[in-house]
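Engineer: No letters, just coordinates:
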């Protein structure tokens, strides 16, 4: 259901004071012909989807040419701890993970350094202005990785999650207790993967695997209401599954979603309550289900018919929230002000796909994903979604450079294919 990008030939004139042997580098333009941090022998990013919620970017299929693998950048998740301070994570041109931060409510975004061993990041959580975690893949796309910071992202440290082949989501309820979910290689050739849930009680210094119910192939998304009550969405051998715990993950049980739900993408608890939401797909289009008893029972909620893919939902309170995903025309945003009915809001026309949304009040929220020109996309609203503004430059990305000429020290001409 993704929008396939048609490359158009374009002559780009870059003017800057550089040496003849150099190439201009500026926001919005990147070419794999100029640089690559992928190590020798590293595997290409997989193309089959395994985590639709906060989109393990190396793992999407229909939209892979809109993401990092196509030469642009893709943003998978967003976290804000106030109306001014937040972070976004993703991948940059298929050559490394990307973290950007803002301290002025999204007016400016500054890239933060990520260890070179990290290939892509799929999810991010902060519990304070200093303490945060993100999860994803190593730069060979064969192992899960966890990065953490204690200084707001001024520095990030990475550790490999042993025994995993990818981590897709992470949640923390306080500075000590957190969970990360993903998959691990199966023990038999006919058993390609097994679901993984990791838990830490010491801020991520150590992680312990929790027991996942039999038949779960991978775990997509996780959310906790408090230190004991949690939910996760997964795919099992017989279809989508809802994982429920009331013991902090000491035990997990698997339940089936409502019969009309054919796939599950993301889950979001309203922190400190029994209310939870899950996004997914149905026989018609997108699916949204709601629980008011910590996941014991679920009911389907009607969403606008224009929504084809519903990736992520986040609530400010019991009645106000947003959901994001994709429609035929590009990225789509839906909102509720009563907790029951959802209406479409207008996303900028250059939005290609939206993977995550983070509200901090009933008026202020951010959403991230990809632009139609192959760049990462950050949208912001300060009026409850009446208007959403694009906060990143959507200059077309160079996907295929065919020639570079520098007639003098001040002019460079690049011929190739852009992403629009």
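Structural biologist: Now that the structure is in, tell me what you want to look at. Computed from a predicted structure; not experimentally measured.
Engineer: what residue ranges in the stretch 151-300 of the chain score low on pLDDT?
Structural biologist: Applying pLDDT under 70 to the stretch 151-300 of the chain picks out residues 187-192.
Engineer: Where do the strands of it begin and end?
Structural biologist: Listed in chain order, the strands found in the stretch 151-300 of the chain under DSSP state E, counting those that start in this stretch are 157-161, 166-172, 178-188, 191-200, 208-210, 216-224, 230-236, 239-245, 253-255, 261-269, 276-282, 286-291, 299-301.
Engineer: residues in contact with the first one?
Structural biologist: By C-beta atoms under 8 Å, 6 or more residues apart in numbering, the residues outside strand 157-161 that reach it are 114-115, 117-118, 135, 138, 143-149, 167, 180, 182, 196, 198, 207. In this view, the C-beta of every residue, glycine as well, is placed from N, C-alpha and C.
Engineer: do the last one as well
Structural biologist: Here strand 299-301 makes contact (C-beta under 8 Å, 6+ apart) with 258, 260-261, 282, 287-291, 340, 342.
Engineer: Note down every partner strand of the helix or strand just after that strand and its orientation.
Structural biologist: Proceeding N to C from strand 299-301, the next assigned helix or strand is strand 309-315, under DSSP states H and E. Partners of strand 309-315 in the sheet, by DSSP bridges, are strand 321-327 (antiparallel).
Engineer: Now do the partner strand against strand 286-291, angle only.
Structural biologist: 160 degrees (axes from the mean of the first three to the mean of the last three C-alpha atoms, to 10 degrees).
Engineer: Same question for the next helix or strand after strand 321-327: list its buried residues.
Structural biologist: Per DSSP H and E, strand 321-327 leads on to strand 330-336 as the next helix or strand towards the C-terminus. Using 16 or more other C-beta atoms under 10 Å as the test for burial, strand 330-336 gives 330-336.
Engineer: circling back: indicate which one of the strands of the stretch 151-300 of the chain is closest to residue 314.
Structural biologist: With C-beta to C-beta, the closest approach to residue 314 among the strands of the stretch 151-300 of the chain belongs to strand 261-269: 5.3 Å.
Engineer: ok, that closest one: who's next to it in the sheet?
Structural biologist: Sheet pairing for strand 261-269, assigned by DSSP bridges, gives strand 276-282 (antiparallel).
Engineer: contacting residues around the strand it pairs with?
Structural biologist: By C-beta under 8 Å, 6+ apart, the list of residues contacting strand 276-282 reads 53, 223, 225, 231, 233, 240, 242, 257, 260-270, 286-291, 294-295, 298, 300, 309-313, 315, 321, 323, 325.
Engineer: Point to the residue nearest the middle of the chain.
Structural biologist: residue 76 (2.1 Å; C-alpha atoms, centre = their mean).
Engineer: Can you tell me the element it falls in?
Structural biologist: Residue 76 belongs to strand 73-80, assigned by DSSP H and E.
Engineer: Which elements pack onto that strand?
Structural biologist: Where contact means 3 or more C-beta pairs under 8 Å, 6 or more residues apart in numbering; DSSP states H and E, strand 73-80 is packed against strand 86-92, strand 118-126, strand 351-359, strand 365-371, strand 376-381.
Engineer: Out of these, which is the most enclosed?
Structural biologist: strand 365-371 (a mean of 30; mean count of other C-beta atoms under 10 Å).
Engineer: just the angle between that strand and strand 351-359, please?
Structural biologist: 160 degrees.
Engineer: quick one: average confidence on strand 365-371?
Structural biologist: The pLDDT scores in strand 365-371 average 94.
Engineer: could you redo the helices and strands packed on strand 73-80 as CSV and give each row distance to residue 388?
Structural biologist: As requested, these are arranged in CSV below (distance: least, C-beta to C-beta, whole Å):
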stretch, distance to residue 388
strand 86-92, 15
strand 118-126, 21
strand 351-359, 8
strand 365-371, 7
strand 376-381, 5
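Engineer: which one of these lies closest to residue 274?
Structural biologist: Closest among the helices and strands packed on strand 73-80, using C-beta to C-beta: strand 351-359, at 19.7 Å.
Engineer: Could you spell out the sheet neighbours of the closest one, each with its direction?
Structural biologist: When pairs are called by DSSP bridges, strand 351-359 turns out to pair with strand 365-371 (antiparallel).
Engineer: now the partner strand: how far from the chain's centre is it?
Structural biologist: 9 Å (C-alpha atoms, centre = their mean, to the nearest Å).
Engineer: how big is the angle separating it from strand 73-80?
Structural biologist: 170 degrees.
Engineer: hmm, back to that, please list only the buried members of the contacts of strand 276-282.
Structural biologist: 53, 223, 225, 231, 233, 240, 242, 257, 261, 263-270, 286-291, 294-295, 298, 309-313, 315, 321, 323, 325.
Engineer: picking that back up, I'd like to know which of the helices and strands packed on strand 73-80 lies nearest to residue 246.
Structural biologist: Closest of the helices and strands packed on strand 73-80 to residue 246 is strand 118-126, at 21.3 Å (criterion: C-beta to C-beta).
Engineer: Could you count how many residues lie near the closest residue to residue 87 other than its chain neighbours?
Structural biologist: In this structure, residue 87 finds its nearest non-sequential neighbour in residue 101, 4.9 Å apart by C-beta to C-beta, 6 or more residues apart in numbering. Counted with other C-beta atoms under 10 Å, residues neighbouring residue 101 total 20.
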